[in-house]
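A.B. asks: What follows is a predicted structure for the sequence shown.
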Amino acid sequence: MKIVIDEDKCVAAGQCVAAAMDVFDQREDDGIVVLLDPNPPAELADDVRNAAAVCPALAIRIEE
């Protein structure tokens, strides 16, 4: 699993952080998503998929 973020689409809602805090964070100055782990371990796959699904801006893409 590889995660790709489109920062231009991100609206800083923070849903990704709530869904997978080991993989996503937010910049302090503007709240834009920060990818902590572009290739997370398999045990986090469900959380990452959920984060992509709940992103209101569809800024998270997953490549399997």
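C.D. replies: Happy to help now that I have it.
A.B. asks: Okay, strands next: where are they in the chain?
C.D. replies: 2-5, 24-26, 33-35, 60-63 (DSSP state E).
A.B. asks: Can you tell me the closest non-neighbouring residue to residue 3?
C.D. replies: Leaving aside its sequence neighbours, residue 3 sits nearest to residue 38 (Cβ to Cβ, 6 or more residues apart in numbering; 5.3 Å). Every residue, glycine included, has its C-beta placed from N, CA and C.
A.B. asks: Report how many residues lie close to that neighbour.
C.D. replies: Neighbour count for residue 38, taken as other Cβ atoms under 10 Å: 12.
A.B. asks: One more: residue 25?
C.D. replies: Neighbours of residue 25 under the rule other Cβ under 10 Å: 14.
A.B. asks: ok, the residue nearest to it when sequence neighbours are not counted - contacts?
C.D. replies: Nearest in space to residue 25, with sequence neighbours left out and distances taken as Cβ to Cβ, 6+ apart, is residue 34 at 4.4 Å. By Cβ atoms under 8 Å, 6 or more residues apart in numbering, the contact list for residue 34 reads 24, 25, 26, 27.
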